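[1] I'll drop the sequence and a predicted model, then ask my questions.
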Amino acid sequence: MMETKLLTEHYDKDEYIGLDGYKKHGGYEVLKKALKMDPKAIIEEVKASGLRGRGGAGFPTGVKWGFLPDNGEPRYLLCNADEGEPGTFKDRAMMERAPHQLIEGMIISAFAVKSNKSYIYVRGEYQMCIRKLEKAIREAYDGGFLGKNILGSGFDHDMDVYSGAGAYICGEETGMISSLEGKKGQPKLKPPFPAVQGYLAKPTIVNNVETLAAVGPIIRDGAAAYRKHGTEKSAGTKLFSVSGNVKKPGVYEVPLGYPLIDLINVECGGLEPGRKLKAVIPGGSSAPVLTAEEAMKATMDYECLQGMGSMLGSGAVIVIDDTNCMVDMLKVIMHFYHHESCGQCTPCREGTGWLHKIVNSIVTGEGRLQDIDLMLRVSRQMMGKTICALSDAAAMPAISFVEKFRDEFEFYVREGRSKVKGSLHA
Amino acid sequence: MPKVKVNGKEIEVKEGTLLIEAFKQAKEDIAHYCWHPGLSTAGVCRLCMVEIEGNPRLQIACNTVVTEGMSACNNSDKIKETVKWGLDFHLINHPLDCPICDQAGECGLQDQYMKFGKYTPEMSEHKVKKHKVVSLGERVVLDSERCILCSRCVRFTSEVSKTNELGIFNRGDRAEIGTFDGKPLDNNYSMNTVDICPVGALTSKDFRFRQRVWYLKNGTSICTGCSTGCNIKAYYNEEGLFRIKPEPNPDVNVYWMCDKGREIYKHINLDARLTEARSGQAGNWQVRESAECLKEAGDAIRQAVKDVGPTRVAMVLTGQHSQEEYQELVNFYLGDLACREIYHWINNPEQMEEFDGILYRGDRNPNTKGLLGILAKEKVNAPWKQLEDRLNQDSVDVLVVAGPEDPSVFPDLMEKLHLFGKAKKLLWLSSTKSEIVDQVTTPTWQIPLKTFFEKDGTFVNFQGKKQEFKRIATIVPKAMGLTDVTKVLSGRGEGASQGDKSDLDWKKTNFFVQQRGPL
Ligand SMILES: Cc1cc2nc3c(=O)[nH]c(=O)nc-3n(C[C@H](O)[C@H](O)[C@H](O)COP(=O)(O)O)c2cc1C
Ligand code: SF4
Ligand code: SF4
Ligand code: SF4
Ligand code: FES
């Protein structure tokens, strides 16, 4: 099978970045259509399309929009472009290659949820994205697509770009809201949920870049057309950022339900010669790892991966071949979560550090056999106990790495070096 | 009023009650660090986990409002395991330096470990190193390694004192409490952070290393620092008083008190006290028995009234004493002597109406309102000017002054004594010794009084709220209450002071404590 390009169709054309080129390829035509619709009808269409959040949790987007209270308060639309999950770089591609596509999707979404102000929260490292978005927003104002009385519809909307400073936790929606409010970027206690009390304590919708961009094609072609792609529970197409040991890493758009092995072998050209597939992380570093056998059977949709005990997450596929040591790799992952925990919740603050130190001890040859089970017990106690899901995000890889590749951990403890030939500490 | 089941017990709670409060109401143990009834919910320690019927995920009780028919428990194996681990997460990086920690004996980590923990620790990695002995301000020291980042202190400075000196800096297990540049924790409520810190991370410079808390007894009373009348607990032992902490009272001080109020123990302790009666004047004082002095004074008063009439004697009252005492003295003057020369000494007239918006009031007396009430009831309204005139005209034979318990709130002490010294004889009733008083040149009797710590009584605070207090212990055995003083003055009895034994043990006085300089 080949890629199905609903969102990425024009990524290869440089002219698509600017307003003129974007318009040449049908840009802002959907907005014109949307502004003539009833906002409620747009929400219904998005509900009917089955679009689920592309930021990680996969929550149905139309349903989330329906949570906004009808209390006459100003509402905010926030685009989550923090893209912090290790392995993920699909939003970056969207912002660099098709900034207007995101902006158009956002204006339509804002019109649907009746918001007059939106922010795009971009991670600080993405300087190029920030520049391109800022330029595109200026062009959109000049073209009459932003500002007062957009295209004569009576709808006003302002949009701004806000730069984070590269903290993973600012990708968590309430952490992002804190940061946007000028506070230390750390998640807020829920309830209240952002839809009820979000940015500046006003009703707020937070959606991922890809989610908001997908609203364009849904409104253009209708929910039914969108549903033709993907599966019953996972409608539409999805951008996957594939990295690791494949010949052609990159961003690929395929319909949900696409076989993982095809993504690796067809889209990404397979592994280097002589290498064997060992494992795949299918949805960013927090998604439980799949063994090669599981990966052969997996399809890239919410339900299949969940059924295998993992998740689609942000769609960051990390391919691991037989030259990689799972212990070394887990150490890198644990370092990340230890470094990024905001530190509010005790199980996360202390647990992420503890896990990192244990796996580090194993790698430096100071590990004890009982540490392997200890990692499992610590991780399990970090799950489902905290304000945000970062704690779970750290625990899930630890559990899956240890459970599925226990022999590598035991070898490391016993021999003080990696079991894997060709790896760093073999 | 919603009904809720906690651990199977059905109780009725007020609308809007949090589940954690329902557990407390039902007297069911619930582990927690970050929640405090006087602060907003942070939900970060994750110890107050409960299972709520119909909800597959564990919830924190401190962020769950009770709804009708809710059923929650924290006695399941799952929760017990969670709490045990929750405590371990708090402890893995804790220095466990209880032997040298001031909080030992009243530490949340110790208490909750004994109640809910009792496991074998498994952490064998190096602990995180953080800053120790950080001076946050004039009165508070931080040990970051002991801090469990419950954020109570931060919430206190943002929500109660509204001074915002504290913040949490850095993230993850490197996070530490700190002050913002150039903004030390020096507000008048800073010591409340020490009270609410569940561990030994925040300690009081005034108290630390002076006593192990298990050597202290305590008793509740009323703060005499100002007219708010915060409810307090005074901690003491045979070496004296060591600290004052607030006692919750929703109508008066909620959970807090000010830092100034915590100083009041200092003028109750022995070294500040007038311990024996004496008579004489500047340069020539003789130690005497109180009763003897008071008899002389009483005779002099009655003689003056008999010889030249009731306007030849006068009495000055401060807002420092109890209702019961004022009533006795006033009865003696109005009844026995038919004298209406009763004056109110306002020690800080310019400040009287000040208020900091939280608790601390400009009227630095515990019972001004009570005194004014009694004077009004008895229709005594002699203007201060009249006393000044009489003294300046040499027409006062005996002046009785029920003076300061805390001289530090009497900035006008010297000036007033200069005036009082114009009486032919002065009866000075006070619990504190004073070099200023020792300089009076008129013949004077100085009688040691009891402090609020040593007597029963009632104060009326600025709101008009009557608050009773009870004797906690005796520090100066020879000190008398004003009720007994009046008995002797009026010739109706002996006064009960002599029998009281001191609760201090002189031999135990700790040399180190006395020698220790400021931190
Ligand atoms: C620790 C953490 C980090 C996250 N980082 C991101 C991120 O970088 N980008 C993102 O879109 N969502 C991220 N999320 C998910 C968001 O909280 C939120 O669910 C999402 O932005 C909602 O948008 P969606 O419904 O369109 O997916 C993160 C969640 C957690 C718990
Ligand atoms: S789970 Fe971790 S990252 Fe999330 S709020 Fe709690 S401490 Fe912060
Ligand atoms: S210093 Fe004390 S009160 Fe403040 S966060 Fe740390 S443990 Fe909590
Ligand atoms: S506010 Fe007044 S009564 Fe309360 S502690 Fe301070 S001085 Fe004492
Ligand atoms: S008391 Fe509920 S989370 Fe700390």
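    Ah, there it is. The shown structure was predicted, so the numbers you read here are calculated from the model rather than taken from an experiment. Numbers count the residues shown, from 1 in each chain, chains lettered A, B, ... in the order given. Ligands and ions are numbered 1, 2, ... in the order given.

[2] where do the strands of the stretch 251-400 of chain A begin and end?
    Listed in chain order, the strands of the stretch 251-400 of chain A (DSSP state E, counting those that start in this stretch) span A:258-259, A:277-281, A:290-291, A:299-300, A:316-321.

[3] now stretch B:427-439: buried residues?
    B:427-434, B:437-438 (16 or more other CB atoms under 10 Å in any protein chain shown). For glycine as for every other residue, the C-beta is placed from the backbone atoms N, C-alpha and C.

[4] ok, and does the longest helix along chain A reach over to chain B?
    Counting residues, the longest helix found in chain A (DSSP state H) is helix A:346-363. Yes: applying CB under 8 Å from any CB of the partner chain, one finds helix A:346-363 in contact with chain B at A:346-347, A:349-354, A:357-358, A:361.

[5] pLDDT on that helix, on average?
    Mean pLDDT, helix A:346-363: 98.

[6] so what's residue 318 up against?
    Using chain A. Counting by CB atoms under 8 Å, 6 or more residues apart in numbering or on different chains, A:Ile318 touches A:86-87, A:243-244, A:280-281, A:284-285.

[7] my question was about chain B
    Going by CB under 8 Å, 6+ apart, B:Thr318 touches B:344-345, B:347, B:365, B:371, B:402-404, B:410.

[8] ok, back up a step: want to throw the residues of helix A:346-363 next to chain B into a markdown table with neighbour count and distance to ligand 4?
    A markdown table is the format used below for these (neighbours: other CB atoms under 10 Å in any protein chain shown; distance: CB to the nearest ligand atom, whole Å):
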| residue | neighbour count | distance to ligand 4 |
| --- | --- | --- |
| A:Thr346 | 29 | 33 |
| A:Pro347 | 28 | 38 |
| A:Arg349 | 29 | 35 |
| A:Glu350 | 28 | 37 |
| A:Gly351 | 30 | 41 |
| A:Thr352 | 29 | 42 |
| A:Gly353 | 26 | 40 |
| A:Trp354 | 26 | 42 |
| A:Lys357 | 21 | 45 |
| A:Ile358 | 26 | 48 |
| A:Ser361 | 18 | 51 |
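
[9] identify the farthest-apart pair in the contacts of A:Ile318.
    A:Pro86 and A:Val280 (14.3 Å; CB to CB).

[10] how about the residues of the stretch 251-400 of chain A that lie near ligand 2?
    Taking CB under 6 Å from any ligand atom as the criterion, the neighbours of ligand 2 within the stretch 251-400 of chain A are A:341-345, A:348-349, A:386-388, A:390-391.

[11] try it again at 8 Å.
    With CB under 8 Å from any ligand atom as the criterion, the stretch 251-400 of chain A meets ligand 2 at residues A:340-349, A:352, A:386-392.

[12] from those residues, which would you call buried?
    With burial judged by 16+ other CB under 10 Å, the buried subset of those is A:340-349, A:352, A:386-392.

[13] which residue, other than its chain neighbours, is closest to the closest residue to ligand 4 within the stretch 251-400 of chain A?
    Relative to ligand 4, the nearest point of the stretch 251-400 of chain A is A:Gln344 (32.0 Å; CB to the nearest ligand atom). With sequence-adjacent residues excluded and distances taken as CB to CB, 6 or more residues apart in numbering or on different chains, A:Gln344 is closest to B:Val44, at 4.6 Å.

[14] who's in contact with that neighbour?
    A:344-346, A:387, B:34, B:149-151.

[15] how far away is the one residue in the stretch 151-300 of chain A that gets nearest to ligand 2 from chain B?
    At 4.0 Å from ligand 2, A:Pro187 is the closest residue in the stretch 151-300 of chain A, using CB to the nearest ligand atom. Distance of A:Pro187 to chain B, computed by CB to the nearest CB, to the nearest Å: 10 Å.

[16] quickly find the element holding that residue.
    A:Pro187 is part of no helix or strand when elements are defined by DSSP states H and E.

[17] I'd say it and A:Cys348 touch.
    No: using CB atoms under 8 Å as the test, A:Pro187 is too far from A:Cys348 to be in contact (10.1 Å).

[18] mind listing the shared neighbours of these two?
    Shared contacts of A:Pro187 and A:Cys348 (CB under 8 Å, 6+ apart): A:Cys342.

[19] just list what the lengthiest strand in chain A packs against, helices and strands only.
    If you go by DSSP state E, chain A has its longest strand at strand A:237-244. On a contact count with 3 or more CB pairs under 8 Å, 6 or more residues apart in numbering or on different chains; DSSP states H and E, strand A:237-244 meets helix A:90-97, strand A:250-255, strand A:316-321.

[20] could you list the low-confidence segments of the chain?
    All of this refers to chain A. Chain A contains residues with pLDDT under 70 at A:1-2.

[21] actually, chain B is the one I wanted.
    B:495-500, B:505-519.

[22] up against chain A, what does it have?
    For chain B, the contact set with chain A under CB under 8 Å from any CB comprises B:41-47, B:49, B:57-58, B:63, B:81-82, B:85-86, B:89-90, B:92-93, B:122-126, B:128, B:148-149, B:151, B:167-168, B:170-175.

[23] just the buried ones among those, please.
    For the residues of chain B next to chain A, a burial check counting by 16+ other CB under 10 Å picks out B:41-47, B:49, B:58, B:63, B:82, B:85-86, B:89-90, B:92-93, B:123, B:125, B:128, B:148-149, B:151, B:167-168, B:171-175.

[24] of those, which ones also sit close to ligand 5?
    Contacts with ligand 5 within these, counted by CB under 8 Å from any ligand atom: B:41-47, B:49, B:63.

[25] among those, which lie within strands?
    Members of those lying in strands (criterion: DSSP E): B:Met49.

[26] which of the ones next to ligand 5 among the buried ones among the residues of chain B next to chain A fall in helices?
    Within these, no residue falls in helices by DSSP H.

[27] does ligand 1 sit close to the longest strand of chain A?
    No: applying CB under 8 Å from any ligand atom, one finds strand A:237-244 separated from ligand 1 by no less than 11.5 Å.

[28] same question, stretch B:152-172
    No: contact of stretch B:152-172 with ligand 1 (CB under 8 Å from any ligand atom) is absent, the minimum separation being 12.4 Å.

[29] return that stretch as CSV; C-alpha atoms alone will do.
    As requested, the backbone C-alpha atoms of stretch B:152-172 are provided in CSV (Å, rounded to 0.1, in the frame of the first residue of the first chain):
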residue,chain,number,x,y,z
ARG,B,152,2.1,24.3,52.1
CYS,B,153,4.6,27.1,52.9
VAL,B,154,4.3,28.4,49.4
ARG,B,155,0.6,28.4,49.5
PHE,B,156,0.6,30.1,52.9
THR,B,157,2.7,33.0,51.6
SER,B,158,0.5,33.4,48.5
GLU,B,159,-2.9,32.9,50.1
VAL,B,160,-2.7,34.0,53.7
SER,B,161,0.1,36.4,54.2
LYS,B,162,-0.2,37.4,50.5
THR,B,163,3.4,38.3,50.6
ASN,B,164,4.6,35.7,48.0
GLU,B,165,8.2,35.4,49.2
LEU,B,166,8.4,31.7,48.6
GLY,B,167,8.5,29.6,45.5
ILE,B,168,9.6,26.2,44.3
PHE,B,169,12.6,26.5,42.1
ASN,B,170,13.9,23.9,39.6
ARG,B,171,11.9,20.7,38.8
GLY,B,172,11.7,17.0,39.4
